[in-house]
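K.L.:
Below are the sequence and a predicted model for it; my questions follow.
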Amino acid sequence: MTAARKLMRDAPEMLTDLFDTASAAARRAGLNDEEADTMALEIIDTLTEAWAGQQLYFGKGARMRLRQRDLAIYQDFTGDNHAELAAKYKVSKVWVYAVLRRVNYEINSETQQSLL
């Protein structure tokens, strides 16, 4: 058990869950146990410093997940695989066209803004 993990033993359940989640993500990113737990503890310290005593609400993140899906559709697009993408992502072919148009517009808008 790392020193950071020992510090979290008596922490409130939400902070413990956040610690475990951050530590696991850091391990997946390639950090060893000590580094991952240290990073997770730093995240917990930062969040508690900024948000301590406040009520927090975590939405389901549906909009974020849809944007991730739309970006995946855009990245998987090869120029002629509309039907395959519709089947893979369980949407209509018309929806694939709409997603490609919207994501392309968003990417190009960001690029154009950075050029100005």
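P.N.:
Yep, that arrived. A quick note: this is a predicted structure, and the numbers were derived from the prediction, not measured.

K.L.:
so where do the helices sit in this structure?
P.N.:
Ranges of helices in the chain, per DSSP state H, are 3-7, 13-28, 33-51, 62-76, 82-89, 93-115.

K.L.:
By mean pLDDT, show me the worst of the ones you listed.
P.N.:
Mean pLDDT values for the helices of the chain show the minimum at helix 93-115, a mean of 86.

K.L.:
Against which helices or strands is it packed?
P.N.:
Judged by 3 or more C-beta pairs under 8 Å, 6 or more residues apart in numbering; DSSP states H and E, helix 93-115 is in contact with helix 62-76, helix 82-89. Any C-beta I mention is one placed from the backbone N, CA and C, and that applies to glycine too.

K.L.:
what's the closest of those helices to A4?
P.N.:
A4 lies closest to helix 62-76 among the helices and strands packed on helix 93-115, at 28.3 Å (C-beta to C-beta).

K.L.:
Which strands or helices does that closest one pack on?
P.N.:
helix 82-89, helix 93-115.

K.L.:
Could you identify which of these is most buried?
P.N.:
Ranked by mean neighbour count, those are led by helix 82-89 with a mean of 15 (mean count of other C-beta atoms under 10 Å).

K.L.:
can I see the domain layout of this structure?
P.N.:
Split into domains by automatic domain parsing, the chain comes to 3-51, 62-115.
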